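**Q** coordinates for the following, if possible.
(one chain, ligands or ions: 2)
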Amino acid sequence: MTPKKPVAGPRVAVIGAGSWGTTFGKILADGGAHVTMWARRAELAHEINEAKRNSRYLPGINLPRTMAATHELATALHGVDQVYLSVPSQSLRENLKALRPLLAENDAKIVSLMKGVERGTGLRMSQVIEQELQCDPDRIAVASGPNLALEIAREQPTAAVISSRSLETAETIARAARNSYFRTFVNTDVIGTEFGGVLKNLIAVAIGIVDGVGYGENTKASIITRGLVEMTDFAVANGAHPETLQGLAGLGDLIATCQSPLSRNNTAGRLLGQGYSFQDVVKQMQQTAEGLASVAPILQLARESEVDMPIVEQVKMVLDGKMNPRDIAPHLTTDDDTPQGERTNYGQADGGGPLRRALQRAFDQFRDGGRGPRRD
Ligand SMILES: NC(=O)C1=CN([C@@H]2O[C@H](COP(=O)(O)OP(=O)(O)OC[C@H]3O[C@@H](n4cnc5c(N)ncnc54)[C@H](O)[C@@H]3O)[C@@H](O)[C@H]2O)C=CC1
Ligand SMILES: O=C(CO)COP(=O)(O)O
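**A** Ligands and ions are numbered 1, 2, ... in the order given. Model prediction:
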C-alpha cells in the first residue's frame with residue numbers, strides 16, 4: 001500500500017462567503033491551507049467552485065484554484081482543524097446554533113473575523129462563540145487590523161493581528177493566515193483587539209458624516225484623533241490594554257477605515273451626511289456596515305463603565321434623526337465650556353476614576369510579565 005501523502009497545510013472552513021470571508025479564504029489558500037468556503041446560496045458556492053470567482057462581493061478577483069466551496073454546512077466542517085467565521089455579527093448566534101452539533105466531536109480552533117458586538121447583549125463575537133459552542137476560550141481567536149477586503153484580494157501588502165487568550169492558538173492561526181502579501185502578528189489582548197475593530201467603525205461613520213456634509217481635513221483629523229481617545233478610554237475601561245489600541249487593531253484600522261471609500265461604515269456615514277435617513281441608508285447598503293448596529297450596545301456599555309463617548313453619542317443622534325449632520329463636530333467632544341488642553345481620560349493625572357484604575361491594573365499586569373499583549 002502506498003503511504004498517504006502528508007497534508008501540507010491545515011484543513012479549514014470559512015463560514016460566510018461575503019467580501020471578507022472570501023478574501024480571508026484566499027489568504028489562507030495562498031498560505032497553503034486546504035480551504036472550503038461555506039456560502040448561504042448554492043449559486044455562489046457553484047460560482048466559486050466552477051469559475052473561481054465571487055462576482056458579487058469581489059468583482060474582478062481570481063480566486064485560488066485550490067479553493068473549494070459548498071452550501072452544505074456539514075460538508076464544509078467535515079474533519080477541519082480550523083473554522084473561520086465571517087457572517088454579519090447580528091447573525092452569528094443563529095449560525096453557531098447550526099454549527100454546534102456539527103462540531104461536537106471536533107476540537108477545531110474557532111476564529112472570529114467579525115467586527116461587531118451583539119445588539120441586546122453587548123457581547124463581543126468571541127464571547128458569543130464561547131457561549132454558544134460552550135468551548136474552551138483557549139480554542140478561540142480573533143483577527144483584526146487595517147484589512148479592507150478588496151485591497152487584500154488584490155494582494156496589496158497588509159498586516160493584521162491574531163489574538164487569543166492562548167498564545168499557542170494565536171500563533172497557530174497566525175501561521176496559517178500568512179503569505180507573501182499578508183503578515184500576521186499575535187497578541188493575547190482579545191478584548192482590545194476586538195473592541196478596536198468595533199469602535200473604529202463608529203468613528204468611520206462619523207468621518208463619513210462630516211465628509212457628506214462637505215467639511216474638510218481639519219474636521220476629519222480632529223475627529224480621528226479625538227475618536228482614538230474615545231476608543232482607548234472605552235476599551236481600557238472594559239479590560240483592554242491601551243497599547244493594543246495604538247497598534248494595528250486600533251489606530252491602524254482607524255486610519256484605513258476613515259480614509260477609504262471602500263469602507264462600508266464610512267460610506268453609510270457619507271449618505272447620512274448627505275441628508276439620507278437611516279432607513280434609506282440601510283436600504284441602499286448592499287453589504288454589511290457593522291457600525292450601524294453597534295452604536296446602541298456600545299453606548300450602553302460606555303454608560304455602565306462610566307466612559308464619555310461624545311463622538312459616538314453624536315453619531316447615534318444623527319442616526320436617530322435627532323441631530324443635523326452639520327452639527328457633528330469635534331468641538332462638542334469636551335464636556336466643559338473652556339477645555340484646558342487635550343482631555344485624554346487614560347492619561348489624566350487626577351489620581352482617581354475607573355479609567356485610571358483600569359489603566360494602572362493593565363500596566364501592572366504588563367510589567368509583572370502577566371499575560372500581557374505583545375506589541376504589534
Ligand atoms: N469587508 C471587509 O473589508 C472587512 C470586513 N470585516 C468584518 O467581516 C464581517 C463580515 O463582513 P463582510 O464579509 O464584509 O460582509 P458582506 O456583506 O460582504 O458579506 C456578508 C456575508 O454573510 C452572508 N449573510 C448575511 N446574512 C447572513 C445570515 N443571517 N446568516 C449567514 N450568512 C449571512 C451574506 O450572504 C454574505 O455572504 C463583518 O463583521 C465585518 O465587519 C472585517 C475586516 C474587513
Ligand atoms: O474592517 C474593515 C477594514 O479593516 C472594513 O471596514 P468596513 O466594514 O467599514 O468596510
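
**Q** the residue nearest to Lys115 when sequence neighbours are not counted sits in which helix or strand?
**A** The spatial neighbour of Lys115 that comes closest, neighbours along the chain excluded (Cβ to Cβ, 6 or more residues apart in numbering), is Gly197 at 3.6 Å. Any C-beta I mention is one placed from the backbone N, CA and C, and that applies to glycine too. Assignment of secondary structure by DSSP states H and E places Gly197 within helix 190-213.

**Q** which other helices and strands contact the next helix or strand after that helix?
**A** Scanning forward in sequence from helix 190-213, with DSSP H and E defining helices and strands, the next element found is helix 217-237. When contacts are defined as 3 or more Cβ pairs under 8 Å, 6 or more residues apart in numbering; DSSP states H and E, helix 217-237 packs onto helix 190-213, helix 242-245, helix 253-259, helix 291-304, helix 310-319, helix 354-367.

**Q** let's go with 7 Å and repeat that
**A** helix 190-213, helix 242-245, helix 253-259, helix 310-319, helix 354-367 (3 or more Cβ pairs under 7 Å, 6 or more residues apart in numbering; DSSP states H and E).

**Q** kindly reformat these as CSV containing mean neighbour count.
**A** Below are the helices and strands packed on helix 217-237 laid out as CSV (neighbours: other Cβ atoms under 10 Å):
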stretch, mean neighbour count
helix 190-213, 28
helix 242-245, 26
helix 253-259, 22
helix 310-319, 21
helix 354-367, 16
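
**Q** what helix or strand does the closest residue to Thr193 other than its chain neighbours sit in?
**A** Taking Cβ to Cβ, 6+ apart as the measure, Thr193 lies nearest to Ser163, with 3.8 Å between them; neighbours along the chain are not counted. Take DSSP H and E as the rule and Ser163 turns out to sit in strand 158-164.

**Q** could you check the angle that strand makes with helix 190-213?
**A** Here strand 158-164 runs at 140 degrees with respect to helix 190-213, directions being taken by axes from the mean of the first three to the mean of the last three Cα atoms, to 10 degrees.

**Q** what's the mean pLDDT across the first helix or strand past strand 158-164 going along the chain?
**A** With elements assigned by DSSP H and E, the helix or strand that comes after strand 158-164 is helix 167-176. Per-residue pLDDT over helix 167-176 has a mean of 98.
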